[in-house]
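Participant: okay, sequence plus prediction incoming.
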Amino acid sequence: MKYALDTNIVTAILKKNNALQERCLARRNDIIIPAIVYYETKRGLIDCKARNKLLDFNKLCNVFSVDSIRNATLNKATEIYVTLKQSGKLIDDGDIFIAASCIVHGYTLITDNTRHFERIAELQYENWLKD
């Protein structure tokens, strides 16, 4: 099984959640960081001037590959947006792009934000912080 890390999971790893770090490292060949997660994490670390965590994040990106955004992801994100908007259950664009990337590539999203992602029927997700 292939996995993608959500921003809140990357943040937990950077905060030295040892159990989570070990679980992810044990599956390092099956885990990616979606491009949007990379963007959200890096902008936050730079904005709050967290230099040490930024160094740790760069190391993490050498362990797990960073996925790129492709046309198929953009098209799936568009579909998800329209479906959620029509149902009155819209979520942030970043979350939509993360979900779209997972669906297109067949990844299971690892997230602590299941409340938002449960709105997307096609998305497979797990919460490794609650397990």
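Facilitator: Thanks, I have it.

Participant: all strands for the protein, in order.
Facilitator: 3-5, 31-33, 65-66, 108-110, 125-126 (DSSP state E).

Participant: how distant is stretch 97-111 from the center of its chain?
Facilitator: For stretch 97-111, the separation from the chain centroid amounts to 8 Å (computed by CA atoms, centre = their mean, to the nearest Å).

Participant: swap in stretch 42-59?
Facilitator: With CA atoms, centre = their mean, you get 17 Å for stretch 42-59.

Participant: flag every buried residue along it.
Facilitator: Buried positions in stretch 42-59, judged by neighbour count with 16 or more other CB atoms under 10 Å: Gly44, Leu45, Lys53, Leu54, Asp56, Phe57. The C-beta positions use only the backbone N, C-alpha and C, and glycine is treated the same way.

Participant: please apply the same query to stretch 122-131.
Facilitator: So for stretch 122-131, counting by 16+ other CB under 10 Å, buried means Leu123, Tyr125, Asn127, Trp128.

Participant: average pLDDT for it?
Facilitator: Mean pLDDT, stretch 122-131: 92.

Participant: repeat for stretch 94-114
Facilitator: Stretch 94-114 comes out at a mean pLDDT of 97.

Participant: re the thing from before, turn the buried residues of stretch 42-59 into a markdown table, including distance to Asp93.
Facilitator: Shown next, in a markdown table, are the buried residues of stretch 42-59 (distance: CB to CB, whole Å):
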| residue | distance to Asp93 |
| --- | --- |
| Gly44 | 16 |
| Leu45 | 20 |
| Lys53 | 24 |
| Leu54 | 24 |
| Asp56 | 26 |
| Phe57 | 22 |
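
Participant: now, those residues that are in helices?
Facilitator: Among the buried residues of stretch 42-59, DSSP state H puts Gly44, Leu45, Lys53, Leu54, Asp56, Phe57 in helices.
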